[in-house]
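Trainee: Just need the structure, nothing else, for what follows:
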Amino acid sequence: MSSPTPAAEPPPSDPAGARPAPPAAPDDPAADRGPGDPGPAPSLPADAPLTEAPVTVPAERRRPRASVVVLAVLLAVAVVAGGLGFFWVVTQLQEARRLIGDQQQQITDQQRRLDEQQEMIDRKEQFGTAMNDLYATIEPLVGLPYATIVPWYRVEDLADRAWIHRRNPAALDQDVVDVQRLTSEISSRSDGVSAQAASNASGTAWEATLDDLGRGWVSTVFEGATPCGATALACVSGAQPFTVHVRADSQTDPTMTDWIRTGAAYHEYAHVLQFTNPQPTDDALASFGGDAETMADCYALTFLDGWSLDHEVAIDAYSYYEVTVGYGYTCDAGQRQVIRDWVGQLGVTRQVVGG
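Mentor: Numbering: from 1, shown residues only. As a prediction, this is how the structure comes out:
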């Protein structure tokens, strides 16, 4: 059973009938609070039952997981970027080294090519100098009636070889040596020619005639044996075209005179011309039935005025020898013209090789 609650007393009335004044507004406690001051705790009525206030535990403050993930990703990206940058730097360094090595190799190759080119230029200049010396040696021989003293086929061959070897220094060196050797060969043939032409060691008509006709190029050799056979007075061989071999007893033979010896020397000199001018000789031989001896007789008959193949050699005032020289055939006018034309084609001429 509950006890009655006493009734609240009515408020006293204003005797003047005026309305009661409103209660004064309590002072605003917040007015006197500074920033960050929570103010006094709220008061409870005196008769308010005491109750246990719930205790609020503040939530644990944690760093957001998203920021951690972003930071980790950025760190990973930075590491990867740094690795890639290092790899790029290393790659660029390697590429730079490779380029530098390639450039150095190119420079080395270019220098080697330049050295090779200079070496080839030097060899070509040496070959050119050797050829100039060869032509200088040939020039005084131009016009001599001995075409073979200048073997143009060898000069042509040397020029062709030099062209083939134009990029081969070692081969060009050998070509230079070969040109110099040919120059020496030709030069050696010329040595002593002038002295031989001016001398007559044997004091014979043979040597005097051959020195005059041969301009010093033809040698006269007297031999006691019979190098030309039992009946021939003299002969010339293809192996030694500038040497006339004469039987020594022709000097003492009573059937011989200096006139006959002179005519015989013309005959032998014709053989010198035949051997040293093979191509024109082959052409001219057709007019003599291919007989080189008949052609040689015709040469003497054409160029030695008064010469004939038949002679009378006096023994005394009442007797004489009938001597026949040569091969028994006296050439006609047409054949003599062939001889003149033949002689006009003989000799050393200027030629250009390697063109």
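Trainee: Tell me if Arg336 really is in a helix.
Mentor: Yes. Membership of Arg336 in a helix is supported by DSSP: H, G, I helix; E, B strand; the rest coil.
Trainee: domains in this structure, as residue ranges please.
Mentor: Listed by automatic domain parsing, the domain ranges of the chain are 78-190, 203-344.
Trainee: How far away from the center of its chain is the last one?
Mentor: Right, domain 203-344. Between the centre of domain 203-344 and the centre of its chain there are 54 Å (Cα atoms, centre = their mean, to the nearest Å).
Trainee: most residues in a single helix of this structure, which one?
Mentor: helix 65-138 (DSSP state H).
Trainee: need the next SSE after the helix or strand of the chain with the lowest mean pLDDT, C-terminal direction.
Mentor: Using mean pLDDT, DSSP states H and E, helix 193-198 stands out as the lowest-scoring helix or strand of the chain, at a mean of 71. Using DSSP states H and E, the helix or strand that directly follows helix 193-198 along the chain is helix 205-214.
Trainee: Who are the packing partners of that next one?
Mentor: With contacts defined as 3 or more Cβ pairs under 8 Å, 6 or more residues apart in numbering; DSSP states H and E, helix 205-214 has these neighbours: helix 193-198, strand 219-223, strand 243-247, helix 258-276. Where you see a C-beta, it was placed from the backbone N, CA and C, and this is true even at glycine.
Trainee: For the ones you listed, please prepare CSV with the additional fields distance to Ala317 and mean neighbour count.
Mentor: Output for the helices and strands packed on helix 205-214, formatted as CSV (distance: least, Cβ to Cβ, whole Å; neighbours: other Cβ atoms under 10 Å):
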stretch, distance to Ala317, mean neighbour count
helix 193-198, 39, 14
strand 219-223, 32, 17
strand 243-247, 29, 22
helix 258-276, 19, 22
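Trainee: Looking at those, which is nearest to Gly334?
Mentor: Evaluated over the helices and strands packed on helix 205-214, closeness to Gly334 peaks at helix 258-276, with 17.7 Å, by Cβ to Cβ.
Trainee: list the helices and strands that closest one packs on?
Mentor: Other helices and strands packing on helix 258-276, by 3+ Cβ pairs under 8 Å, 6+ apart, are helix 205-214, strand 234-235, strand 243-247, helix 292-303, strand 310-314.
Trainee: Need these in CSV (columns: mean pLDDT and distance to Ser190).
Mentor: Shown next, in CSV, are these (pLDDT from 0 to 100; distance: least, Cβ to Cβ, whole Å):
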stretch, mean pLDDT, distance to Ser190
helix 205-214, 94, 13
strand 234-235, 94, 25
strand 243-247, 93, 16
helix 292-303, 98, 25
strand 310-314, 94, 37
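Trainee: among the ones you listed, which is nearest Arg112?
Mentor: Nearest of the helices and strands packed on helix 258-276 (Cβ to Cβ): strand 243-247, 54.7 Å.
Trainee: Next, format the helices and strands packed on helix 258-276 as JSON lines and append distance to Thr91.
Mentor: Shown next, in JSON lines, are the helices and strands packed on helix 258-276 (distance: least, Cβ to Cβ, whole Å):
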{"stretch": "helix 205-214", "distance to Thr91": "86"}
{"stretch": "strand 234-235", "distance to Thr91": "91"}
{"stretch": "strand 243-247", "distance to Thr91": "85"}
{"stretch": "helix 292-303", "distance to Thr91": "89"}
{"stretch": "strand 310-314", "distance to Thr91": "108"}
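Trainee: still on that earlier bit, the helices and strands packed on helix 205-214 into JSON lines, with extra columns for distance to Gln104?
Mentor: Listed next are the helices and strands packed on helix 205-214 as JSON lines, based on distance: least, Cβ to Cβ, whole Å:
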{"stretch": "helix 193-198", "distance to Gln104": "62"}
{"stretch": "strand 219-223", "distance to Gln104": "67"}
{"stretch": "strand 243-247", "distance to Gln104": "67"}
{"stretch": "helix 258-276", "distance to Gln104": "62"}
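Trainee: And those: which comes nearest Val313?
Mentor: Using Cβ to Cβ, those put helix 258-276 closest to Val313, at 7.4 Å.
Trainee: ok, now which ones touch the nearest residue to Tyr146 once chain neighbours are set aside?
Mentor: Spatially, and ignoring its direct neighbours in sequence, Tyr146 is nearest to Thr276 (4.0 Å; Cβ to Cβ, 6 or more residues apart in numbering). Contact partners of Thr276, counting by Cβ atoms under 8 Å, 6 or more residues apart in numbering, are 145-149, 241-242, 346.
Trainee: what's the spacing between Thr276 and Ala284?
Mentor: Distance of Thr276 to Ala284, given as Cβ to Cβ, to the nearest Å: 14 Å.
Trainee: One more: Ala81?
Mentor: Taken as Cβ to Cβ, the span from Ala81 to Ala284 is 101 Å.
Trainee: Next: Arg340.
Mentor: According to Cβ to Cβ, Arg340 and Ala284 sit 10 Å apart.
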